[in-house]
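> Provided below are the primary sequence and the corresponding predicted coordinates.
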There are 2 protein chains.
Amino acid sequence: MTDESRIWTAALIVVGDEILSGRTQDKNIAQVATWLGVQGIRLREVRVVPDDMVAIIEAVNALRARNDYLFTTGGIGPTHDDITVDAVAAALGVDVVIHPKARAILESYYATRGGLNDARLRMARVPAGADLIENRVSGAPGIRIGNVFLMAGVPGITAQMLDGLTGQLEGGLPLLSTTVGCWVAESEIADLLRETEKAFDGVQIGSYPFFREGKTGANFVIRSVSDTTLKACAHALEEGLAAIGRFPVAGGI
Amino acid sequence: MTDESRIWTAALIVVGDEILSGRTQDKNIAQVATWLGVQGIRLREVRVVPDDMVAIIEAVNALRARNDYLFTTGGIGPTHDDITVDAVAAALGVDVVIHPKARAILESYYATRGGLNDARLRMARVPAGADLIENRVSGAPGIRIGNVFLMAGVPGITAQMLDGLTGQLEGGLPLLSTTVGCWVAESEIADLLRETEKAFDGVQIGSYPFFREGKTGANFVIRSVSDTTLKACAHALEEGLAAIGRFPVAGGI
């Protein structure tokens, strides 16, 4: 029997000087968040940290203890700035070892690409006791140890690793959402939003204003694990908007 | 006299269920990071937290103490889910008050837009002792208290607030960067990268692989506060690549 009220949570650590310098626009937060949502797991916190052992270790230990799952992206490649495996191993208090299956995967992948050198062999290093996460793109696998999942920094490779994990992690009821849009200043209807949220148990309404085509509008995102509650709340909000002469747009603007 | 070796650091807290759900792609991390870089301030850590008092308070207190500056984005609008002002005030142990100048700004802005109601007045609430950060777009100002800067969630409004702050924060030497690209697998030249980095004091080289037009390549981003060192290091890397028959592309690919 599943406890339907159990909420499964995850955290994400994005390892990367390139994100913190502003040079690279992060894509992994939205990608991992969306994937987790489908698995019925809620992303509760993200930290972006530099390529620095102390910073990664601190974040790993803070977040793995208080979440069901911890994901990392970045820092598992072949070069000197790739230190995530070492940092996670240090955080867990285990050695770094060469995983025989990872070595075999890399040997086969690089057989026609110049062979396996020392740098490439770095990508077979894992915290002792880890399992591999399949990656069909570049050969180098992701790594799972306990509740910690190490993924690539390149978003396309992380996508493949997430694909390899789909359906394998226990989660709860997915958090469903629906959007109601309206050409209204959110500040005009703040009371309606607050009261509509209060009237439905376990519902959150987020208000996301925008300015387009010279006009002020907002999308109201309603979230609940119950489809029935979601629809009832959206209906109540639409009625409330219509009652003050504002035309709601189901699905958002 | 300025201590040129002093490194100024900042942290950023992105407040937002919409980022953690994957619904909205964050733009503020790259925007704030880039702006800080120009001010000679290094972004050291980012946390994305939910619209939750406890989570925001914890992050504010962890990050404001160990950085010169702390920025937040999100949660300063007029609706019930906007709680960043309350959370920062609680973290600092001060009351929330109406800022008279913020009230005046909002009164003037809304004079031709339906008037100042209770929800709109929420945007004049600040932690006691705070100053305002100008915002020419929507009237509602950003907030500065001590070393904490509260900015909007909407990236275009945050851009205006950053513009209002430009040149006002003390920083150090900006971290300069230059990029060398090459159609090479980073795993082929990992030793060259490590040794080139070691040969130049205070330089970091980041390696960012990609797969394009059916070929493997990488950009190597060299960072230093010294333009001379930067150029010498880039030159050494280019020579090293050429010596093994790989053609370097100055400026990156």
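Happy to help now that I have it.

> run through chain A and note the low-pLDDT ranges.
Applying pLDDT under 70 to chain A picks out residues A:1-4.

> which helix runs longest in it?
helix A:227-243 (DSSP state H).

> ok, and for that helix, which residues are buried?
Of all the residues in helix A:227-243, those buried under the rule 16 or more other Cβ atoms under 10 Å in any protein chain shown are A:Thr229, A:Leu230, A:Ala232, A:Cys233, A:Ala234, A:Ala236, A:Leu237, A:Glu238, A:Gly240, A:Leu241. For glycine as for every other residue, the C-beta is placed from the backbone atoms N, C-alpha and C.

> which of the residues you listed sits closest to chain B?
Proximity of those to chain B (Cβ to the nearest Cβ) peaks at A:Leu237, which lies at 12.7 Å.

> how near is that closest one to A:Gly252?
The gap separating A:Leu237 from A:Gly252 is 12 Å, by Cβ to Cβ, to the nearest Å.

> which residues in chain A form helices?
Going by DSSP H, chain A shows helices at A:17-20, A:28-38, A:53-65, A:84-92, A:100-110, A:118-121, A:155-165, A:190-199, A:227-243.

> what separates the fourth one from the chain centre, distance-wise?
The gap between the average C-alpha position of helix A:84-92 and the chain average comes to 20 Å, counting by Cα atoms, centre = their mean, to the nearest Å.

> and the stretch 51-200 of chain A, which residues reach chain B?
Contact residues, the stretch 51-200 of chain A versus chain B (Cβ under 8 Å from any Cβ of the partner chain): A:51, A:55, A:77-81, A:113-114, A:117-120, A:122-123, A:138, A:154, A:156, A:175, A:177, A:185-191, A:193-194, A:197.

> break chain A into its domains for me.
Listed domain ranges for chain A are A:8-165, A:176-250 (source: automatic domain parsing).

> out of the ones you listed, flag the one nearest B:Arg47.
domain A:8-165 (5.2 Å; Cβ to Cβ).

> endpoint to endpoint, the closest one covers what distance?
By Cα to Cα, to the nearest Å, the extent of domain A:8-165 from end to end equals 16 Å.

> from the chain's centroid, how far away is it?
So, by Cα atoms, centre = their mean, the centroid of domain A:8-165 is 13 Å from its chain's centroid.

> now list whatever residues contact both of A:Leu237 and A:Gly252.
Taking Cβ atoms under 8 Å, 6 or more residues apart in numbering or on different chains as the criterion, A:Leu237 and A:Gly252 both touch A:Val180.

> redo the domains of chain A as CSV? Include distance to B:Asp68.
Converted to CSV, the domains of chain A look like this (distance: least, Cβ to Cβ, whole Å):
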stretch, distance to B:Asp68
domain A:8-165, 15
domain A:176-250, 31
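
> just those: most buried one?
Burial of those is given as mean neighbour count (mean count of other Cβ atoms under 10 Å in any protein chain shown); domain A:8-165 ranks first at a mean of 20.

> isn't A:Lys27 up against A:Gly156?
No. Counting by Cβ atoms under 8 Å, A:Lys27 does not reach A:Gly156; the two are 9.2 Å apart.

> list the residues that contact the nearest residue to A:Ala102 once chain neighbours are set aside.
Excluding the flanking residues, the one nearest A:Ala102 by Cβ to Cβ, 6 or more residues apart in numbering or on different chains is A:Ala124, at 3.9 Å. By Cβ under 8 Å, 6+ apart, A:Ala124 lies in contact with A:Ile98, A:His99, A:Ala102, A:Arg103, A:Ile105, A:Leu106.

> with these in mind, which one is nearest to chain B?
When the contacts of A:Ala124 are compared against chain B (criterion: Cβ to the nearest Cβ), the nearest one is A:Leu106, at 9.4 Å.

> tell me the contacts of the closest one?
Here A:Leu106 is in contact with A:Leu116, A:Arg120, A:Leu121, A:Met123, A:Ala124, A:Gly139, A:Ala140 (Cβ under 8 Å, 6+ apart).

> and the nearest residue to A:Leu175 once chain neighbours are set aside, how far is that from A:Ile205?
Ranked by Cβ to Cβ, 6+ apart and with sequence neighbours excluded, the top spatial neighbour of A:Leu175 is A:Arg223, at 5.4 Å. Per Cβ to Cβ, A:Arg223 is found 8 Å from A:Ile205.
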